[in-house]
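Visitor: Provide a 3D model corresponding to the input given below.
(chains A and B)
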Number of protein chains: 2
Amino acid sequence: VSQFELNKEFLSQIKLAVEEENDKLIKQDISTLHPADIAEILDEVNMEEAKFIYQFLKPDAAAAVLVELEEDVREKFLKELSSQQIADSTKEMDSDDAADLISELPDNIQEEVISKIEDVEQASDIVDLLNYPEGTAGALMAKELIKVKETWTVLQCTKEMRKQAKNVDYVYTVYVVDNHEKLIGWLSLKKLLLTPEKTIVSKIVKKDVVSVKAKTPLEEVTSIMRKYDLVVLPVIDEIDRLLGRITIDDAVDVIQEEADKDYQMASGHTEVVDSGDSVFTLSRARLPWLLVGLLGGICGAKVIGLYEGQIQLYPEMAFFIPLIAAMGGNVGVQSSSIIVQGLANNTLGLDSILQRIWKELSVALINGLVCSVLILGYCLVFAESLNISLTVSCALFAVIIFAAAFGTFTPLVLNKYKIDPALATGPFITTFNDIVGLLLYFLIGIWMYGG
Amino acid sequence: VSQFELNKEFLSQIKLAVEEENDKLIKQDISTLHPADIAEILDEVNMEEAKFIYQFLKPDAAAAVLVELEEDVREKFLKELSSQQIADSTKEMDSDDAADLISELPDNIQEEVISKIEDVEQASDIVDLLNYPEGTAGALMAKELIKVKETWTVLQCTKEMRKQAKNVDYVYTVYVVDNHEKLIGWLSLKKLLLTPEKTIVSKIVKKDVVSVKAKTPLEEVTSIMRKYDLVVLPVIDEIDRLLGRITIDDAVDVIQEEADKDYQMASGHTEVVDSGDSVFTLSRARLPWLLVGLLGGICGAKVIGLYEGQIQLYPEMAFFIPLIAAMGGNVGVQSSSIIVQGLANNTLGLDSILQRIWKELSVALINGLVCSVLILGYCLVFAESLNISLTVSCALFAVIIFAAAFGTFTPLVLNKYKIDPALATGPFITTFNDIVGLLLYFLIGIWMYGG
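Guide: Coordinates of the predicted model:
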């Protein structure tokens, strides 16, 4: 009843057992563990050790462990297995997990593995699923489900369901279809339990079924499942025929991946990485944004270069360059993040772009006033000249207003043109606001100093 | 079978119907809608209109709509309802939704509402749930579940379940308890369907049940549900007695909230906000970090002030201030975001802090070299002096290395001392890296120029 938590002691114990080829101890160590826990162990040991442990797993556990492994570990692991071994392991998997696993293999091996799957129905389900493009409902669904005809009696349903249920681990919902396999509604198991056996299904079917088409994008799938609190969502084809179902555990993974992606893009990664990825992959994901930052820095240098004379005359103008640049960046990121998140979670409501910008400008007005007054007070008290005090204070206010407007506008416009608004946040907005901020700062400076 | 999407036309149609008090049209408009869709409409109209629409809802739909409303709208809405109305609406709710709703009321009204709930069992369930501290499994669970005794036969189970099922919308799993109400395992409905009626439960019970204690924190709850792909998770007390269950739809909301919170903290918000919040709330959430940025900017000004002479002699030193500051910020955010995310998703594995820093330093080494060489080339080609070229290039390299180390170290250390590492990312790291970056830049500059 208690959870397993992998620690260093347990890991060394297992590694030692592998080294000593102590079969009994290994079997004993892993016998009570959930496949997800065993996968966690295999993620941490080296490939030789993983292979050694893997051989002691029963077929169903071995299949579940394969599904649960981290993607990069699984990739290496699958290379060590024969096509026959992989085909056998898919026997114990749901069609969606089997298709996912096979989709990760090189093309030529995919065909080999599929040709070695004995169960023709399973093989054809997998081939079907592999045909849906990644990122659509079709590619996430499983084919296993329980369906009954609207013309059946409850008794017939129960009998048929016993047959179908052999392939379905969790039933959740019983789908009702017509004679053309079109989805027309659903029944809860509870309803079936509580209804007299001779009742016809069409009398008790609930027609308020929410479904998606196979080509529906995953963001829409997850937002529908969240909005309607669904545990399972049926997938239909163009003419409403029932194809499969998406369960919430798979949708949760998509939700987490989406959130991770947005977070990483905002923090300057151009591809989704994992802390376990190689140094090379991590560098590659980060370099593009750093180069954008570098370019921005060079532009910034050009802008300041234009005002070289001003700096030589009034070197205190240089002191506040980082302040102006940093504040523009901070405000821009604050504004854009709320917009990006609102777009992702679909919580912006029906407001227009202008209403949004207006609201963000009001926020910027308040925060800009507070910050400008504070910096003005600071500069005056600590005996800076009146000129620089007014310059910094006015420029700061202008930068905060501009940064808020730009940070709001950019993701909204990108979204309108179907570009991922998450691209806009982070380094891009920071960099652009830096440059505009510097321009504003020096323009105001020259005006203040009467330069 | 199709989804509803709220648009401006539909909204004006509803608003017009409310204005004309056209009861028939309103009823017709909302009759086919899911409560989540009706809630979406009520979120968008004003309070008077919302109240007018609400009165046409059937009791079960009205209760579901209350649950689905946005929190701030619900708060205003509940103020308009009498204690008796609120008490009545909880009749149609699951215990967890009812407890959530009541917990949002002011203390004195909470008691009034509870005293008006007719169903004593429901009232006592709600009081129970209200006692668990927010952020724990106990506060998220619902009391409704199906449980059977291990000594019963399958036939007895089916009979008892028919009684219990009246209060449970979705069954998912049947829990098995002993005579002391201790959780000892579970049964799938499928298993019950497929087993002969005279079989004793203890023969078919599955004992590999994952559970959590009532006081388990929610982050642990969601990570367990994700790891083991659970749709429902039983909650037990200190001596293993079954208290309730957490369903995945509630856990999904927690996962999304956690992700939203991390994203907002990284983008400079100190409280979790929603794009629909008031201008004042939005300003308040953002101001603290802006003040940190302001303070950082003042420190930056002090640092540059120390080197005023250097700038007067070599004004080109000022040109590259924004570049150095921005790059330090970017690299720091990149490194810290991966650590914060790894900590949140529990994917850092068993690596030590030193191993982590080492890896991030390797990444920084690669990216730092690329950026430094590029900026050196740029400076040399565009005829800047050798001194400034070498200064910028060396300082950039040093800043990138420092920022990566600091960005990795800070969240790891905060986490070790049980402070939310998300606090570390965004403005804090950016600001600190700005200051250190400037120091490094001028120190290297003085050394290069032989100042």
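Visitor: When you work out contacts or count neighbours from here on, use the C-alpha atoms and nothing else.
Guide: Noted.
Visitor: So which residues on the stretch 351-451 of chain A come close to chain B?
Guide: A:359-360, A:362-364, A:366-367, A:371, A:375, A:427, A:431, A:434 (Cα under 8 Å from any Cα of the partner chain).
Visitor: Can you add secondary structure and pLDDT and give those back as JSON lines?
Guide: Shown next, in JSON lines, are these (DSSP: H, G, I helix; E, B strand; the rest coil; pLDDT from 0 to 100):
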{"residue": "A:359", "secondary structure": "helix", "pLDDT": "89"}
{"residue": "A:360", "secondary structure": "helix", "pLDDT": "90"}
{"residue": "A:362", "secondary structure": "helix", "pLDDT": "93"}
{"residue": "A:363", "secondary structure": "helix", "pLDDT": "93"}
{"residue": "A:364", "secondary structure": "helix", "pLDDT": "94"}
{"residue": "A:366", "secondary structure": "helix", "pLDDT": "95"}
{"residue": "A:367", "secondary structure": "helix", "pLDDT": "94"}
{"residue": "A:371", "secondary structure": "helix", "pLDDT": "95"}
{"residue": "A:375", "secondary structure": "helix", "pLDDT": "93"}
{"residue": "A:427", "secondary structure": "helix", "pLDDT": "74"}
{"residue": "A:431", "secondary structure": "helix", "pLDDT": "86"}
{"residue": "A:434", "secondary structure": "helix", "pLDDT": "88"}
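Visitor: and which of those is nearest to chain B?
Guide: residue A:363 (5.3 Å; Cα to the nearest Cα).
Visitor: In this structure that closest one contacts residue B:279, no?
Guide: Yes - using Cα atoms under 8 Å, residue A:363 is in contact with residue B:279, at 5.5 Å.
Visitor: Looking at these two, which has the bigger crowd around it?
Guide: residue A:363 (24 against 17; other Cα atoms under 10 Å in any protein chain shown).
Visitor: in chain A, which helix or strand is least confident?
Guide: Within chain A, no helix or strand scores below helix A:189-194, which has a mean of 77 by mean pLDDT, DSSP states H and E.
Visitor: That helix vs chain B: in contact?
Guide: Yes - with Cα under 8 Å from any Cα as the measure, helix A:189-194 is seen reaching chain B through A:189-190, A:193-194.
Visitor: residue of the stretch 151-300 of chain A with the smallest distance to chain B?
Guide: For the stretch 151-300 of chain A, Cα to the nearest Cα, closest residue to chain B: residue A:297, 3.9 Å.
Visitor: Give the burial count for the closest residue to that residue other than its chain neighbours, as a bare number.
Guide: Among residues not flanking residue A:297 along the chain, residue B:323 sits closest, at 3.9 Å (Cα to Cα, 6 or more residues apart in numbering or on different chains). Per other Cα under 10 Å, the neighbour tally for residue B:323 reads 26.
Visitor: What residues does residue A:147 make contact with?
Guide: Neighbouring residues of residue A:147 by Cα atoms under 8 Å, 6 or more residues apart in numbering or on different chains: A:161, A:174-177.
Visitor: and it, that's in a strand?
Guide: Yes - judged by DSSP: H, G, I helix; E, B strand; the rest coil, residue A:147 forms part of a strand.
Visitor: quick one, what contacts residue A:206?
Guide: Residue A:206 is in contact with A:185-187, counting by Cα under 8 Å, 6+ apart.
Visitor: Counting neighbours, which of those residues comes out on top?
Guide: Neighbour counts for the contacts of residue A:206 peak at residue A:186, which has 23 neighbours (criterion: other Cα under 10 Å).
Visitor: now the residues of the stretch 351-451 of chain A next to chain B: which count as buried?
Guide: By neighbour count, with 16 or more other Cα atoms under 10 Å in any protein chain shown, those hold A:359-360, A:362-364, A:366-367, A:371, A:375, A:427, A:431, A:434 as buried.
Visitor: Could you identify the most distant pair in the residues you listed?
Guide: Pairwise distances across those (Cα to Cα) peak at 25.6 Å, for the pair A:375 and A:427.
Visitor: Residue B:447 versus the residue nearest to residue A:201 when sequence neighbours are not counted, what's the distance?
Guide: In space, residue A:201 comes closest to residue A:150 once its chain neighbours are excluded; the distance is 5.0 Å by Cα to Cα, 6+ apart. Distance, residue A:150 to residue B:447, using Cα to Cα, to the nearest Å: 85 Å.
Visitor: Show residues contacting the least confident helix or strand of chain A.
Guide: Residues contacting helix A:189-194 (Cα under 8 Å, 6+ apart): A:154, A:172-174, B:162, B:165, B:170-171, B:189.
Visitor: Next: stretch A:22-34.
Guide: Here stretch A:22-34 makes contact (Cα under 8 Å, 6+ apart) with A:4, A:14, A:17-18, A:38, A:53, A:56, B:228.
Visitor: Would you write a PyMOL line that selects the buried entries of these?
Guide: Listed next is the PyMOL selection for buried residues among the contacts of stretch A:22-34, using 16+ other Cα under 10 Å:
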select buried, chain A and resi 14+17+18+38+53+56
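Visitor: List the buried residues for the longest helix along chain A?
Guide: Using DSSP state H, we find that the single longest helix of chain A is helix A:386-416. Using 16+ other Cα under 10 Å as the test for burial, helix A:386-416 gives A:387-412.
Visitor: which secondary structure elements does that helix contact?
Guide: helix A:321-345, helix A:353-381, helix A:427-448 (3 or more Cα pairs under 8 Å, 6 or more residues apart in numbering or on different chains; DSSP states H and E).
Visitor: Packing partners of the first one?
Guide: When contacts are defined as 3+ Cα pairs under 8 Å, 6+ apart, helix A:321-345 sits against helix A:386-416, helix A:427-448, helix B:248-266, helix B:279-306, helix B:321-345, helix B:427-448.
Visitor: Count the residues that sit near residue A:340.
Guide: Using other Cα under 10 Å, residue A:340 has 27 other residues around it.
Visitor: can you check residue A:423 too?
Guide: 20.
Visitor: What of the one 5 residues further on?
Guide: The number of residues packed near residue A:428 is 21, by other Cα under 10 Å.
Visitor: got it, and residue A:381?
Guide: Neighbour count of residue A:381, defined by other Cα under 10 Å: 11.
Visitor: Over to residue A:177?
Guide: Counted with other Cα under 10 Å, residue A:177 comes out at 22.
Visitor: For it, which non-adjacent residue is closest in space?
Guide: Using Cα to Cα, 6+ apart, the closest residue to residue A:177 is residue A:183 (4.5 Å).
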